[in-house]
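**Student:** Sequence and predicted structure below; questions after.
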Amino acid sequence: METLAPTFTVSRDEARREILYSHSGLFTSGKMEELFVALLRAAKPFIDDRQGFRVLGDLREMVVQTREVADKLKLSQDTSAKVGVDKMAILYRSTLMKQQFRRASDALQCEFFTDRAEALAWLRTD
């Protein structure tokens, strides 16, 4: 990673009922709120129809976050479980980042991977 500037992308795969997102860098509370708004916007059709959906998060370029941001991650994960996320696969590179995200994800069926193909295979298996 060349910079700690926070960035993210979010997309929706309608056919597979998946939200795909990535984020990198060191987030501020405000930037994390922007990510949450984008995730909610992408997931809204799935939330509204109440048929469940799955999520792939690519955190390979994310660094360990501040306590304030980690608390927001926990709230987001808890909310995800309540609005219909069936499974979540997380791509990671840093073991510390994995541990921080695992602590935030106890409300979800969430697994961690270093290989995208393995993550998608797990995510798409019933």
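**Tutor:** Right, received. Where do you want to start? Numbers count the residues shown, from 1 in each chain.

**Student:** just the helices in the chain please.
**Tutor:** 29-49, 67-83, 95-104, 116-123 (DSSP state H).

**Student:** got the contact list for the third one?
**Tutor:** It stands for helix 95-104. Contacts to helix 95-104, defined as C-beta atoms under 8 Å, 6 or more residues apart in numbering, come from residues 59, 62-65, 70, 73-74, 76-77, 90, 92, 110, 112. All C-beta spots, glycine's among them, are computed from the backbone N, C-alpha and C.

**Student:** Farthest-apart pair in these, please.
**Tutor:** Greatest spatial distance in the contacts of helix 95-104: V63 and C110, 19.5 Å, computed using C-beta to C-beta.

**Student:** coming back round to it: make a PyMOL selection of whichever of the contacts of helix 95-104 turn out to be buried.
**Tutor:** The command below creates a PyMOL selection of those among those that count as buried (16 or more other C-beta atoms under 10 Å):
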select buried, resi 59+62+63+65+70+73+74+76+77+90+92+110+112
